[in-house]
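Trainee: Sequence and computational prediction follow.
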Amino acid sequence: MTASRPASPPLRELTGRQIQWIGAGYVMSFSSMAGQTIFIAQFNTALRQTFSLSNGQFGLLYTIATLASSLLLIWAGALADRIAPRTLALVCLGGLAAVSAAMGFVGNVVLVGVLLFGLRFFGQGMMVHIAMTMMSRWFNRFRGRALAFAQFGFPTAESILPFAITLAIAAHGWRNVWFATAAVLVMVLMPLIAFLLRDPPDGRRAKARGQTNPDGDTATRPSGQKWTRGAVIRDPLFYALLLGFMGSPAIVTLFLFHQANLAELKGWDLTVFTAFFPVLAATSVLTSIAAGMVVDRFGAFRIVPFVLMPLALGAIGVGLLGPVWVIPLFFASLGLTGGMMGPVVNALWAEIYGTAHLGTIRALVTSALVLASALGPGLAGYLIDAGIPLTVQAFFYAAFCLAAVAGYFVLIPALRKRVLETRQDAEA
């Protein structure tokens with residue numbers, strides 16, 4: 001029994017409207033940065049100094065805020081199955097802008113925690129969830145590449161924002177940088193998303209013209225009808241996959257969140273460290289393109305065991321090595337794993353559970369990944385305060401990744417069987 005793939009067409013067959021939809025996913029990924037750790041981490045030192053917080057205390061605050069956002073995502077993420085992406089995206093982006101503006105006025109630790117919750121929920125949570133759900137649902141034969149191109153918003157932001165924000169904070173103060181962030185979200189990114197999503201494949205205008213999605217699912221009905229939220233929650237395969245995937249956001253987030261502490265341990269200048277972020281971006285872009293092509297050709301389930309390998313090697317490198325040239329190698333390892341995570345993991349859920357309840361399923365996944373990104377900084381910060389440096393912690397994180405890799409190789413036969421069952425069920 002084999003899980004054959006539909007033909008993987010060349011990119012020149014994409015229509016102008018399809019490119020427009022992918023562009024919307026790209027802009028939404030970029031827009032999520034105000035709620036991503038790589039952005040917020042640039043304010044780490046300023047916030048800790050302003051409110052007299054230790055690494056562990058700020059890490060705990062960040063963990064609580066992110067944990068709360070992950071719990072709300074379980075409910076809110078399901079809205080992607082019921083509300084038009086354009087409407088939902090604009091509402092969430094407006095919320096992200098409002099919270100960003102409020103960060104410029106924040107005056108106490110409690111309010112910092114509330115606003116961190118808002119940044120994480122609207123940015124890292126909902127904006128990413130909506131974008132990836134759109135790409136997974138609207139594309140079939142181009143799914144892997146559509147996810148890869150939409151994900152380019154992350155490395156674009158990662159290549160320019162950390163260094164730029166570091167300089168901007170030094171020149172204008174951290175509060176003014178938050179005001180500027182809110183202004184860009186409202187005046188630039190919201191109108192752009194509204195324009196790009198004005199004519200989606202499942203919108204009123206397309207239906208009135210009688211147009212069908214040129215890359216929609218060819219099955220007689222949406223695949224995965226039986227995979228409701230309850231069915232997925234009862235599926236052991238879901239947890240076997242998800243546990244390993246949670247390692248990536250947890251480990252990447254904790255290293256980026258505590259980058260100032262890591263740089264101090266290694267004797268690296270923080271400005272030099274952030275100047276190498278383009279390596280992360282470039283590696284992520286190239287890996288994402290390659291992963292998207294492989295997903296469209298062979299299926300995401302076959303690529304799963306390779307996702308966490310680079311992250312394991314990067315963690316080992318951070319633990320063992322100290323020269324400055326380790327920084328670009330470390331960022332390259334993060335980029336390799338991050339570049340694969342987008343197209344592989346997001347396409348996987350559509351392959352094994354179908355698209356009928358994809359928003360609801362991805363809400364569970366996104367919530368778990370956000371939870372992992374919450375636990376990472378808090379755990380690492382606690383261990384730092386307890387006298388266990390990041391360089392020692394790194395070996396344990398590497399061991400987790402390698403154990404997950406081994407487990408995924410064992411799961412490949414079960415994944416192949418599930419992919420075929422889901423496809424046959426839709427065609428019945």
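Mentor: Now that the structure is in, tell me what you want to look at.

Trainee: drop to CA atoms for contacts and neighbour counts, all remaining ones
Mentor: Will do.

Trainee: which stretches of the stretch 151-300 of the chain form helices?
Mentor: Under the criterion DSSP state H, counting those that start in this stretch, the stretch 151-300 of the chain contains helices at 153-172, 174-184, 190-196, 204-208, 229-233, 236-245, 247-257, 259-266, 270-275, 277-298.

Trainee: Now do the same contact list for residue 48.
Mentor: Applying Cα atoms under 8 Å, 6 or more residues apart in numbering to residue 48 gives the contacts 54-55, 58.

Trainee: Format those as a markdown table; extra columns: pLDDT.
Mentor: Shown next, in a markdown table, are the contacts of residue 48 (pLDDT from 0 to 100):
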| residue | pLDDT |
| --- | --- |
| 54 | 82 |
| 55 | 73 |
| 58 | 84 |
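
Trainee: Which ChimeraX command selects the buried ones in those residues?
Mentor: In ChimeraX syntax, the buried subset of those is picked out as below (16 or more other Cα atoms under 10 Å):
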select :55,58
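
Trainee: Of the contacts of residue 48, which is the nearest to residue 355?
Mentor: Each of the contacts of residue 48 was checked against residue 355 using Cα to Cα; the closest is residue 58, at 38.9 Å.

Trainee: Excluding covalently adjacent residues, which one is nearest to the closest one?
Mentor: Nearest residue to residue 58, sequence neighbours excluded (Cα to Cα, 6 or more residues apart in numbering): residue 48, at 6.8 Å.

Trainee: what's the helix or strand for the one you found?
Mentor: helix 44-51 (DSSP states H and E).

Trainee: Show me what the mean pLDDT comes to for that helix.
Mentor: For helix 44-51, mean pLDDT rounds to 89.

Trainee: what's the answer for stretch 351-368, then?
Mentor: Averaged across stretch 351-368, the pLDDT comes to 83.

Trainee: May I have it as CSV, with CA atoms only?
Mentor: Only the C-alpha atoms of stretch 351-368 are listed here, as CSV (Å, rounded to 0.1, in the frame of the first residue of the first chain):
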residue,chain,number,x,y,z
GLU,A,351,-2.2,15.0,4.6
ILE,A,352,-3.2,12.9,7.6
TYR,A,353,-6.4,14.7,8.8
GLY,A,354,-7.7,16.3,5.6
THR,A,355,-9.0,19.9,5.2
ALA,A,356,-12.6,19.7,6.4
HIS,A,357,-11.7,20.7,10.0
LEU,A,358,-8.2,22.0,9.3
GLY,A,359,-8.7,25.3,11.2
THR,A,360,-9.9,23.5,14.3
ILE,A,361,-7.0,20.9,14.1
ARG,A,362,-4.4,23.6,13.5
ALA,A,363,-5.8,25.5,16.5
LEU,A,364,-4.9,22.5,18.7
VAL,A,365,-1.4,22.3,17.1
THR,A,366,-0.8,26.1,17.2
SER,A,367,-1.8,26.2,20.8
ALA,A,368,0.6,23.4,21.7
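
Trainee: which residues touch it?
Mentor: By Cα under 8 Å, 6+ apart, the residues outside stretch 351-368 that reach it are 69-81, 125, 129, 133, 136-137, 222-225, 227-229, 232, 242, 246, 299-301, 349-350, 415, 418-419, 422-423.

Trainee: Now the buried members of those.
Mentor: 69-71, 73-74, 76-81, 125, 129, 133, 136-137, 222-225, 227, 229, 232, 246, 299-301, 349-350, 415, 418-419, 422-423.

Trainee: Now do stretch 287-299: distance to the chain's middle.
Mentor: 17 Å (Cα atoms, centre = their mean, to the nearest Å).

Trainee: averaged over its residues, what pLDDT does it have?
Mentor: The model assigns stretch 287-299 a mean pLDDT of 86.

Trainee: what sits up against that stretch?
Mentor: So stretch 287-299 is contacted by 4-5, 7-8, 141-149, 151, 300, 303, 335-336, 338-340, 342-344, 347-348, 351 (Cα under 8 Å, 6+ apart).

Trainee: ok, now how distant is residue 351 from residue 133?
Mentor: Distance, residue 351 to residue 133, by Cα to Cα, to the nearest Å: 13 Å.

Trainee: Do a quick rundown of the strands in the protein.
Mentor: Counting by DSSP state E, the chain has no strands to list.

Trainee: Report the central residue of it.
Mentor: residue 128 (6.2 Å; Cα atoms, centre = their mean).

Trainee: residues near the closest residue to it other than its chain neighbours, how many?
Mentor: Computed as Cα to Cα, 6+ apart, the closest residue to residue 128 that is not its neighbour in sequence is residue 29, at 5.8 Å. Residues contacting residue 29 under the criterion other Cα atoms under 10 Å number 26.
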